[in-house]
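Asker: could you work out the structure for the sequence below:
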Amino acid sequence: MPPLTAELPALNDRFEGADPAEIVAWALDVAERPAVASSFQIESTVVIHLATRVRPDVPVLFLETGFHFRETLEFKERLTRLFGLRVVDLRGETTPEEQAAVHGPRLYERDPARCCELNKVLPLDRALAGYDLWMTGLRRGAASTRERVPVVEGHRTTGGHELLKVNPVAGWTHERAGAYLEEHGLPRHPLYDLGYASIGCAPCTRGLFPGEDERAGRWAGVDKVECGIHLPAAEATPSPSSPRPPA
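Answerer: Got it, this is the predicted structure:
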């Protein structure tokens, strides 16, 4: 089998501008052990809907940090019932209370990068060792750090496990994703109606002021716009042993 490293450019040429439904169907056909990672925002709700129409039992990975908005957890349960989702909650090695005892209170304020590492980056990294494809709701227009996100890329966990990472709505706008929900009569996270544009953990997320960028409400006042899960496309390592796409 030729290494997937050489095939990634052709795959991205093939899928650039393609309908996300086509991308999702291809990805779920290629992978034996796929998973969708979701924070239950608009884009990942779209991807969940597309994926479960093809494979109803696809695992949905949710980072249960212990710091989510109540609305996020309630919306997660609503979608779980609506779609019959197989949600896999991923947690760090400590509860918020244990984290405070070990690292001191309000780590998310003093060292948000470390807090994200403990509660998001490490739990997902461990979980991805059990899958050969990771599907996300990443969009290029969401942040300058995501402008180069490809539709298909390789990913390697810290333990050396290699898998495909697929971003079906990379080329969509936030508005297009919202329109998809309306077209299909699907609900959206209620905090969007209260002025939020990107929703993470409650202590580190606020609504937007007029004219602000989409992710300005995440870690406001701190030089941080990513939790660390998604490396910039330029740093992603194509995976030579990921499943080969069909000819």
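
Asker: rest of the way, CA atoms for contacts and neighbours
Answerer: Fine.

Asker: wait, isn't Leu140 in contact with Val151?
Answerer: Careful, residue 140 is Arg; it's not Leu. No. Under the criterion of CA atoms under 8 Å, Arg140 is not in contact with Val151, lying 9.9 Å apart.

Asker: what is in contact with these two at once?
Answerer: Shared contacts of Arg140 and Val151, defined by CA atoms under 8 Å, 6 or more residues apart in numbering, comprise Ala170.

Asker: these two: which is more packed in?
Answerer: Val151 (28 against 20; other CA atoms under 10 Å).

Asker: assess the claim that that one and Leu164 are in contact.
Answerer: No. Applying CA under 8 Å, one finds Val151 not in contact with Leu164, separated by 10.5 Å.

Asker: list the residues that contact both of those two?
Answerer: Common neighbours of Val151 and Leu164 (CA under 8 Å, 6+ apart) do not exist.

Asker: how about low-confidence regions in the chain?
Answerer: Scanning the chain with the threshold set as pLDDT under 70 gives 1-6, 231-247.

Asker: contacts only, for the most centrally placed residue in it.
Answerer: Nearest to the geometric centre of the chain sits Thr136, at 4.2 Å (CA atoms, centre = their mean). Applying CA under 8 Å, 6+ apart, we find Thr136 in contact with Val36, Ala37, Ser38, Ser44, Val47, Lys165, Val166, Asn167, Pro168.

Asker: before we move on, what SS does Gly171 have?
Answerer: coil (DSSP: H, G, I helix; E, B strand; the rest coil).

Asker: so how many other residues sit close to it?
Answerer: Residues near Gly171, counting by other CA under 10 Å, number 21.

Asker: thought it was touching Arg139?
Answerer: Yes. When contacts are counted by CA under 8 Å, Gly171 is listed as touching Arg139 (6.2 Å).

Asker: once you drop chain neighbours, what's closest to Gly207?
Answerer: Leaving aside its sequence neighbours, Gly207 sits nearest to Tyr196 (CA to CA, 6 or more residues apart in numbering; 4.2 Å).

Asker: list the buried ones in stretch 45-54?
Answerer: Using 16 or more other CA atoms under 10 Å as the test for burial, stretch 45-54 gives Thr45, Val46, Val47, Ile48, His49, Leu50, Ala51, Thr52.

Asker: quick check, nearest of the residues you listed to His189?
Answerer: Thr45 (9.1 Å; CA to CA).

Asker: can you pull the contacts of the closest one?
Answerer: Contacts of Thr45 by CA under 8 Å, 6+ apart are Ser38, Arg188.

Asker: which of the helices or strands spans it?
Answerer: helix 42-54 (DSSP states H and E).

Asker: what's the first helix or strand after that helix?
Answerer: strand 59-63.

Asker: contacts for that following strand, please.
Answerer: With contact meaning CA under 8 Å, 6+ apart, strand 59-63 is reached by 34-39, 48, 85-91, 119-120, 123-124.

Asker: let's see it at 10 Å
Answerer: 33-40, 44, 48, 51-52, 76, 80, 85-92, 119-121, 123-124, 127-128, 131, 134-135 (CA atoms under 10 Å, 6 or more residues apart in numbering).
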